[in-house]
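In: Provide a 3D model corresponding to the input given below.
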Amino acid sequence: MIDYHLKTLPNGLTLIEAPLHDTEAVTILVIVGAGSRYEAKEQNGISHYLEHLFFKGTKKRPTTLKLSKELDAMGARYNAFTGEEATGFYIQTSAKKFARAWDILSDMLLNPLIPEREVERERGVILEEMNMYYDTPQSYIGDLAKRAIFGDTPLGRDVIGSKDTVRSITRAQIADYRHRLYLPANMTIAVAGAPNSDWAGAIKRVMGSGQKVSSPSYEAIRPNRQGPKVSIHHKTTDQTHLVVNTKTFPVTDPRYYALKLLSGILGGQMSSRLFIKIRERRGLAYYVGSDVEDFHDTGLLSIAAGLRTANVAEALRVMRREMTAMQTRPVTKEELARVKDNLAGKMALSLEGSFAIANFLAEQHFYQPKIYQPEELLELYQSVSASDILKLAEEIFDPEKVHVTMIGPLTEQKREKFENIFKL
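Out: Numbering: from 1, shown residues only. Prediction:
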């Protein structure tokens, strides 16, 4: 059980404290409800752009070098990340240096300079990051698949933006975006580690003032297009990378725990059905697996693989057969017990360290109406039956809901052949 304390300040800021007595480190993690779902189409990528610019200096630390020197002198681990629905910033360091770490992190978020010269300089950096991303099909296929299922909506657009939008975003737009979304009521701060300081007092002194305002809203998802659908993106590569997506539901849905177990049995382990039948028995792919992606109002189950282009049709047929098998026959007692034990073991490993605890608590608060203890989550997983998984598979593996996205040396002439694999 994790010892934690949750407080909501009058201005709407959420503070989660988790004292840990078996570490000398501390992690400060700030989660902001700002991401690509909150962007206008012409400003796609602005959340990620702004995340970069928070590291470009503050009033107290006016250059990137001064900022990074101070953090490096502490031996700190620090970084940031941007997604569809949240942007996060963290510093992990010695618990004795909490006050200094908080001073730096809060200074970055509250007092960024965002100088025009850095906006222009970082524009080039992001365009090169984009080029790197596009040249890595194993990574880029995920965004292409999301675009195929959600279309031209904020949830279907790339978090990094497009080259056109990144080239056109202005400093004024970035500053306006920060003022609208980087508000206390739109932030969750989680601190986990050795309790050597008054965490709450330090945070309240810096971020406890101001009026509570409403959190920003995002565009609702649109209904699925009828499928099965296949999207082919031609690229001259030695492999074809593909994702088979089906839309699911948010983490707050009571079926979520069955979904996680279904994914684990299908492709979440080296002993999973797809890994054994596609990689081990047929040698069709180096990587193959399934995973679950969560959003506030929806979710995805994704099967991904990288394989020789000549093997694409055979691999898709195996995937279809395994999806059908999960719709028609209950999973075995041995499979269900193994995936539950696997999940329990992974959860234990995932909670090692102050960053892991801070992230576990902050992410749950961000998506759930309550924070579950690990033991409570394990009970929810243990309560899932084989019939629960069978019923869920019948629903989500409906061929009309399936979207297949591929990137590789394929032609449009193959589309109908691949679509027919998933048709009734």
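In: okay, which residue is most central for the protein?
Out: Closest to where the C-alpha atoms of the chain average out (C-alpha atoms, centre = their mean) is Gly83, at 5.9 Å.
In: need the contact list for that residue.
Out: Applying C-beta atoms under 8 Å, 6 or more residues apart in numbering to Gly83 gives the contacts 35-36, 159. Quick note: C-beta positions are derived from backbone N, CA and C, even for glycine.
In: please redo it, this time with the cut-off set to 7 Å
Out: 35, 159 (C-beta atoms under 7 Å, 6 or more residues apart in numbering).
In: what pLDDT does it get?
Out: If you check Gly83, the pLDDT there is 97.
In: Pro399 now?
Out: Per-residue confidence (pLDDT) for Pro399: 89.
In: repeat for Gln226
Out: Confidence score, pLDDT, at Gln226: 58.
In: equivalent analysis for the one 3 residues further on, please.
Out: Confidence at Lys229, expressed as pLDDT, is 90.
In: against Lys423, how distant is it?
Out: Per C-beta to C-beta, to the nearest Å, Lys229 is found 11 Å from Lys423.
In: before we move on, what about Gln364?
Out: Taking C-beta to C-beta, one finds Gln364 at 39 Å from Lys423.
In: and if you look at Thr324?
Out: From Thr324 across to Lys423, the span is 12 Å (C-beta to C-beta).
In: go on, Thr309?
Out: Plainly put, Thr309 is 22 Å away from Lys423 if you go by C-beta to C-beta.
In: tell me which of those two has more neighbours.
Out: Thr309 (15 against 12; other C-beta atoms under 10 Å).
In: across the sheet, point out what pairs with the spatially closest residue to that one that is not a sequence neighbour.
Out: Leaving aside its chain neighbours, Thr309 sits nearest to Thr240 (4.5 Å; criterion: C-beta to C-beta, 6 or more residues apart in numbering). With DSSP bridges as the criterion, Thr240 is bridged to Leu307.
In: let me see the domain layout of the protein.
Out: As assigned by automatic domain parsing, the chain contains the domains 5-207, 229-422.
In: out of those domains, which gets nearest to Ser215?
Out: Checking these against Ser215 by C-beta to C-beta gives domain 5-207 as the closest, at 5.0 Å.
In: residues contacting the residue nearest to Thr309?
Out: So Thr240 contacts 307, 309, 312, 406, 408, 410 (C-beta under 7 Å, 6+ apart).
In: and the host helix or strand of the fourth one, which strands flank it?
Out: When elements are assigned from DSSP states H and E, Met406 belongs to strand 402-408. On the basis of DSSP bridges, the sheet neighbours of strand 402-408 come out as strand 229-234 (parallel), strand 240-247 (antiparallel).
In: chain center to the shortest one, what's the gap?
Out: Per C-alpha atoms, centre = their mean, to the nearest Å, the displacement of strand 229-234 from the mean C-alpha position of its chain is 24 Å.
In: residues of that strand that come out buried?
Out: 229-233 (16 or more other C-beta atoms under 10 Å).
In: helix, strand, or coil at the residue nearest to Glu118 when sequence neighbours are not counted?
Out: Nearest residue to Glu118, sequence neighbours excluded (C-beta to C-beta, 6+ apart): Lys56, at 4.2 Å. Assigned by DSSP: H, G, I helix; E, B strand; the rest coil, the conformation of Lys56 is coil.
In: give me the low-pLDDT residue ranges for the protein?
Out: In the predicted model of the chain, residues 223-228, 424 satisfy pLDDT under 70.
In: what about the strands in this structure?
Out: Here the chain has its strands, by DSSP state E, at 5-8, 14-19, 25-32, 77-82, 87-94, 187-193, 229-234, 240-247, 285-294, 299-307, 402-408.
In: about what we covered before: nearest to Glu280, out of the buried residues of strand 229-234: which one, please.
Out: Nearest member of the buried residues of strand 229-234 to Glu280, counting by C-beta to C-beta, is Val230, at 26.3 Å.
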